[in-house]
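**Q** Here is the input, now give the coordinates:
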Amino acid sequence: MNKEINFEKSLDELEKIAARLESGDISLDDSIKLFERGMELTNKCRKTLENARQKIITLTEAETEKENDGK
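**A** Take a look at the predicted model:
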């Protein structure tokens, strides 16, 4: 559950970064720093989603094997 909270917080921060970048009210240096942070958060979220996807695949395959063994 902690990972889900971290994912949600990361996604929220990423949305705020995107809004600040879109506003155009920040310096180039700050824009670059925000962009770098956004990339870090994007990679973190992508890894979290991939881990969840793999877990779902594993659970689904295990359930399918159970069903096939029972027949």
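**Q** going forward, measure contacts between C-alpha atoms and count neighbours the same way
**A** OK.
**Q** Now for A18, how many residues are close by?
**A** Neighbourhood size, A18 [other CA atoms under 10 Å]: 14.
**Q** Okay, the closest residue to it other than its chain neighbours and C45: tell me how far apart.
**A** Once flanking residues are discounted, A18 sits nearest to G38: 7.8 Å by CA to CA, 6 or more residues apart in numbering. Distance of G38 to C45, given as CA to CA, to the nearest Å: 10 Å.
**Q** if we can go back for a sec, so which helix or strand takes in the residue nearest to A18?
**A** G38 is part of helix 28-69 when elements are defined by DSSP states H and E.
**Q** same for that helix, what does it pack against?
**A** Under the contact definition 3 or more CA pairs under 8 Å, 6 or more residues apart in numbering; DSSP states H and E, helix 28-69 sits against helix 2-23.
**Q** and the helix it packs on, C-alpha only, in CSV?
**A** Only the C-alpha atoms of helix 2-23 are listed here, as CSV (Å, rounded to 0.1, in the frame of the first residue of the first chain):
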residue,chain,number,x,y,z
ASN,A,2,2.9,2.3,0.7
LYS,A,3,4.0,2.0,-3.0
GLU,A,4,0.5,3.1,-4.1
ILE,A,5,0.7,6.2,-1.9
ASN,A,6,4.2,6.9,-3.4
PHE,A,7,2.8,6.4,-6.9
GLU,A,8,-0.1,8.8,-6.2
LYS,A,9,2.3,11.4,-4.7
SER,A,10,4.7,11.1,-7.6
LEU,A,11,1.9,11.4,-10.1
ASP,A,12,0.5,14.5,-8.3
GLU,A,13,4.0,16.1,-8.2
LEU,A,14,4.4,15.3,-11.9
GLU,A,15,1.1,17.1,-12.7
LYS,A,16,2.3,20.1,-10.7
ILE,A,17,5.6,20.2,-12.6
ALA,A,18,3.8,20.0,-15.9
ALA,A,19,1.6,22.9,-14.9
ARG,A,20,4.6,25.0,-13.9
LEU,A,21,6.4,24.2,-17.1
GLU,A,22,3.4,25.1,-19.2
SER,A,23,2.9,28.4,-17.4
